[in-house]
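K.L.:
Okay, sequence plus prediction incoming.
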Amino acid sequence: MRAGFQIQFFARNQREAIGRYCLVGTVSHRSDTLNTLHKLYPAIQIPEKWKDEPTGVPTHQVSQEKAKSLDIHFTPMEVSIKDTIESLKEKNYITF
């Protein structure tokens, strides 16, 4: 959400930000995301059906040239995962 707000704010205040953009920081496979989640929060149990999934599965790339030309910086996936989990914990949606 933080990155979405920053981009919305930026787009409304920059003349160069005309048109529509597909903004993608990273593309990751579910196994990589779950491994990162487990690394940050070992207490979270990963479902058995996804534990043995291959990691490092090739993903597609999305150009970030236009975003970089507008000086847009993406939040790293690890930070987004941590922010999401901490927010869910604060709201008592999850406990572990």
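P.N.:
Perfect, thanks for sending it. Numbers count the residues shown, from 1 in each chain.
K.L.:
What mean pLDDT does stretch 68-87 get?
P.N.:
Across stretch 68-87, pLDDT averages out at 87.
K.L.:
Only the buried residues of it, if you could.
P.N.:
Of the residues in stretch 68-87, 72, 74, 77, 80-81, 85 count as buried by neighbour count, 16 or more other Cβ atoms under 10 Å. Where you see a C-beta, it was placed from the backbone N, CA and C, and this is true even at glycine.
K.L.:
Over to stretch 34-49?
P.N.:
Neighbour counts over stretch 34-49 (16+ other Cβ under 10 Å) mark 34-37, 41 as buried.
K.L.:
re earlier: Serialize the buried residues of stretch 68-87 to a markdown table and add fields for secondary structure and distance to residue 50.
P.N.:
Compiled in a markdown table, these are given as follows (DSSP: H, G, I helix; E, B strand; the rest coil; distance: Cβ to Cβ, whole Å):
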| residue | secondary structure | distance to residue 50 |
| --- | --- | --- |
| 72 | coil | 32 |
| 74 | coil | 25 |
| 77 | helix | 17 |
| 80 | helix | 19 |
| 81 | helix | 15 |
| 85 | helix | 17 |
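K.L.:
now, which of the buried residues of stretch 34-49 sits nearest residue 67?
P.N.:
Using Cβ to Cβ, residue 36 is the member of those that lies nearest residue 67, at 22.1 Å.
K.L.:
just checking, what packs against the strand or helix carrying the closest one?
P.N.:
Per DSSP states H and E: residue 36 is located in helix 30-40. Counting contacts by 3 or more Cβ pairs under 8 Å, 6 or more residues apart in numbering; DSSP states H and E, helix 30-40 packs against helix 48-51, helix 77-90.
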